[in-house]
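A.B. asks: Mind folding the following:
(chains A, B and C)
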Amino acid sequence: MIEIKTVSKWFDDFQVLTDIHETIERGQTVVICGPSGSGKSTLLRCINGLEPYQKGEIIVDGVSLSDPRTNLYKLRENIGMVFQRFELYPHMTALQNISLAPMKVRKLSREKAEKKAMDLLERVGIPDKADAYPANLSGGQQQRVAIARSLAMEPKYMMFDEPTSALDPEMIQEVLDVMIALAKEGMTMLCVTHEMGFAREVADEIIFMDFGKIVERGTYEEFFKNPKSERAKEFLKQIL
Amino acid sequence: MGFAYDFDWGVLWRQPYGMWLLEGLWLTIKIGFLAWIIALSFGIFIGTLRVTPWRWLRFIATAYTEVFRNIPFLVQLFFWYYAGPMVFGQHLGRQINQIMGLNYYVAIFALGLYTASRVAEHMRAGFASISRDQYQAVLSTGMTQYQMYRYVIIPYALRIITPPLTTEFLTIFKNSSIAMTIGVAEITFMSYRIDAETFHGLEATTGAMFIYLILGLTVVRIMGIIEAKFKIPGMIGRE
Amino acid sequence: MFNAVARNIYFLLGGFGVTLQLTICALVGGIALGALVGLGRISRNKWIYHPITLYVNFLRNMPLILVIFWFYFVMPIIAGRPLNPFLSAVISFIIFEATYFGEIFRAGYQSISKDLTSAAYSTGLTYSQTARHILIPIAFRRMLPSLITQSIVTFQDTSLAFVIGLQEFVRRTSIVDNLEVRSIQLFGFVAIVFFIFCFTGSKISRYFEEKGRKLGMI
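C.D. replies: From the prediction side, this is the model:
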């Protein structure tokens, strides 16, 4: 369970998050949407301790992130993250990208780590690309490798930061399919995305953020069919 | 009528002059390689210090690169050679001055330290060219800061900066010529020495130029092979 | 602490004056020639492109000190009379540094996209107006940091005129050192003076680079 309790964050004088309050239960899929600059990505980065926050509290499985005794590295092993621009290691093959952390962090043998990496590549549908380097993969393939890389650490939570917004339209679905399958298997997911189809299929809750605040929350039906706030109506008009 | 100049290209192969040039070439190669070992290892070390979380380590590394890049190499060489031994006091300094081939060792040392600052600067640029998200992506897989640098960021940065490092490697052979000013008998020194004996400096320096050209082309060829080996597939390398 | 420096300060500063003169001559000539060399390097005429490229690639493989010697030996033959070392040094610097400045200019010229030129034409600007108001200002801003950096390198390079007996800053310091045998303070002094000038220069270069980046120019 991830508990976010009235979290606020500033970049110098600029407040990027204001009193964010949210609880994510195990097995839930939460979709976060909102205009650019609304603090969605920052919120994700706060949850796995990549960015500090100044007020409030984030608690992951009972462990507080602001507690100085918390080992953030240990925490991140349980939280996978997928980035907008994939961020694969360009000097390693797909297989090496996936097997690196299990070998170095979990101390798995090369054999076991590579076996696991192969299984994951199978799962995301590109086992034939094991020895390809990122630059020789399409965007959709790269993003699937990136998802496999996160899954290799067997995280309890997965966070997606606009995973399809850097992709060509024809590649979006292959990535979404992987994400949908993951959600249906019971993975706890936090996704910043504007993909309506994805939200409709798997989202348990949709959060709408604007100017660093959660403006509205609800199920797919509630939010898309019947938004309450003016800001949300405005936003939906633009993306639909 | 001005000068009539009788060309005598024979100085390039007549003995002992031809041999001098070859001896000079050998010394140039030795200095270049040994200095490069210092430059590369120390430069990577200093460059990496510049991204550590400790402020004063960063400051020392930055100060190092700034000082060594902003003083002409000739001045640095003179400082190490003439002033260096004196730092140890009159007595010990005089003993250091007695060391056989001191100028040769000083040249390697000075050239190594100077080039290290340039390597460190390339290293910094390499780190800076890796996006913030890339760093976060590594951390999000649970790796520690140390593991992140050790397994992903440093290997990646080194590959990014292979082309500028190749240029630096070429430059180290060119800069080694400055060691002639403290009497190291490398190629340029030898061509000047031939002039002193034969007054045919033009032929001797022209010959030396072609030796540098061949040396440079050879280095480029070798580094091309190394670069191809380390190249990240699909990434744009040297034009 | 700097007593040997103080005793010979006028002699040393005179040497620094020579260093500055050398630098200015080398920069004026080197940048002017470099602008032309840069044009030659993007020329479609192979009778211009190939010779210029050969010249650039050849000299960039050479140690400057050897080039200084070479000109020192060749100039009297061409001129038919002995040349003073200052003139000989200036000529070698101009011809040598122009290859480095030339590559900066080439990159600057090439950094301007065809579409940008077309866009300017499409608003009705003439060729010379486009060059004057669009192309040259953009190229100049992009090149400025590199031009400053290379100017600092040139400034440092002038110390190599030492080898043909020119009494610039370093040569004069070493003359004083022969008499006084105060190497630490004398060469320390030279190092500090060079550092102050070069460090300031590199800060200025970085300022323009940052500014360019903020404007999205680089």
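A.B. asks: how about the helices of chain B, start to end?
C.D. replies: Taking DSSP state H as the criterion, chain B carries its helices at B:17-49, B:55-69, B:73-78, B:90-97, B:102-129, B:132-140, B:145-147, B:154-160, B:162-175, B:187-198, B:201-230.
A.B. asks: need the contact list for B:Phe109.
C.D. replies: Applying C-beta atoms under 8 Å, 6 or more residues apart in numbering or on different chains, we find B:Phe109 in contact with B:Ala35, B:Ile38, B:Trp80. For the C-beta atoms, the positions are set from N, CA and C on the backbone; glycine is no exception.
A.B. asks: what's the spacing between the first one and B:Ile108?
C.D. replies: This points to B:Ala35. Using C-beta to C-beta, to the nearest Å, B:Ala35 is found at 5 Å from B:Ile108.
A.B. asks: Output the contacts of B:Phe109 as CSV; include the columns pLDDT, distance to C:Leu144 and neighbour count.
C.D. replies: Below are those laid out as CSV (pLDDT from 0 to 100; distance: C-beta to C-beta, whole Å; neighbours: other C-beta atoms under 10 Å in any protein chain shown):
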residue, pLDDT, distance to C:Leu144, neighbour count
B:Ala35, 95, 32, 25
B:Ile38, 96, 34, 19
B:Trp80, 92, 34, 21
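A.B. asks: which ones among those come in contact with chain A?
C.D. replies: Among the contacts of B:Phe109, proximity to chain A is found for none (C-beta under 8 Å from any C-beta of the partner chain).
A.B. asks: Out of these, flag the one nearest to chain C.
C.D. replies: Distance to chain C across these (C-beta to the nearest C-beta) is lowest for B:Trp80, with 9.0 Å.
A.B. asks: got a list of what the spatially closest residue to the closest one that is not a sequence neighbour touches?
C.D. replies: Computed as C-beta to C-beta, 6 or more residues apart in numbering or on different chains, the closest residue to B:Trp80 that is not its neighbour in sequence is B:Ala110, at 4.7 Å. Listed by C-beta under 8 Å, 6+ apart, the contact partners of B:Ala110 are B:Phe73, B:Gln76, B:Leu77, B:Trp80, B:Tyr81.
A.B. asks: go with 7 Å
C.D. replies: Going by C-beta atoms under 7 Å, 6 or more residues apart in numbering or on different chains, B:Ala110 touches B:Gln76, B:Leu77, B:Trp80.
A.B. asks: Got the confidence number for residue 8?
C.D. replies: I'll assume chain A. What the model reports as pLDDT for A:Ser8 is 93.
A.B. asks: sorry, should have said chain B
C.D. replies: Listed pLDDT for B:Asp8 reads 76.
A.B. asks: how close does it sit to chain C?
C.D. replies: Counting by C-beta to the nearest C-beta, to the nearest Å, the gap from B:Asp8 to chain C is 13 Å.
A.B. asks: wait, that residue sits on B:Gly201?
C.D. replies: No. B:Asp8 lies out of contact with B:Gly201 (C-beta atoms under 7 Å); the separation is 11.1 Å.
A.B. asks: For these two, indicate the residue with more neighbours.
C.D. replies: More neighbours surround B:Gly201 than the other of B:Asp8 and B:Gly201, with 22 against 14 (other C-beta atoms under 10 Å in any protein chain shown).
A.B. asks: which one is the more buried one nearest to, not counting chain neighbours?
C.D. replies: Nearest one to B:Gly201, counting by C-beta to C-beta, 6+ apart, is B:Asp195 at 2.9 Å.
A.B. asks: Next, find the distance separating the one you found from A:Phe14.
C.D. replies: For B:Asp195 relative to A:Phe14 (C-beta to C-beta), the value is 67 Å.
A.B. asks: who's more crowded, the two?
C.D. replies: The residue with more neighbours, out of B:Asp195 and A:Phe14, is B:Asp195; 19 against 8, by other C-beta under 10 Å.
A.B. asks: Could you double-check that the more buried one lies in contact with B:Ala204?
C.D. replies: Yes. Between B:Asp195 and B:Ala204 there is a contact under C-beta under 7 Å: 5.6 Å.
A.B. asks: Around the spatially closest residue to B:Tyr104 that is not a sequence neighbour, how many other residues sit close by?
C.D. replies: Nearest residue to B:Tyr104 in three dimensions, chain neighbours excluded: B:Val184, at 5.5 Å (C-beta to C-beta, 6+ apart). Other residues lying near B:Val184 total 25 when counted by other C-beta under 10 Å.
A.B. asks: do the one 10 residues further on as well
C.D. replies: B:Ile194 is surrounded by 26 other residues when neighbours are defined as other C-beta under 10 Å.
A.B. asks: Identify the residues contacting the nearest residue to it once chain neighbours are set aside.
C.D. replies: In this structure, B:Ile194 finds its nearest non-sequential neighbour in B:Ala204, 3.9 Å apart by C-beta to C-beta, 6+ apart. Applying C-beta under 7 Å, 6+ apart to B:Ala204 gives the contacts B:Val11, B:Ser191, B:Ile194, B:Asp195.
A.B. asks: do the same with C:Ile91
C.D. replies: By C-beta under 7 Å, 6+ apart, C:Ile91 lies in contact with C:Phe71, C:Met75.
A.B. asks: B:Val51 against B:Phe127, yeah?
C.D. replies: Yes. With contact defined as C-beta under 7 Å, B:Val51 reaches B:Phe127; the gap is 5.3 Å.
A.B. asks: would you list every one of the helices in chain C?
C.D. replies: Applying DSSP H to chain C gives helices spanning C:3-7, C:9-41, C:46-60, C:64-79, C:85-110, C:114-122, C:127-129, C:136-157, C:169-180, C:183-214.
A.B. asks: Using CSV, lay out the ones you listed together with mean pLDDT.
C.D. replies: Shown next, in CSV, are these (pLDDT from 0 to 100):
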stretch, mean pLDDT
helix C:3-7, 77
helix C:9-41, 91
helix C:46-60, 92
helix C:64-79, 88
helix C:85-110, 92
helix C:114-122, 69
helix C:127-129, 74
helix C:136-157, 89
helix C:169-180, 87
helix C:183-214, 90
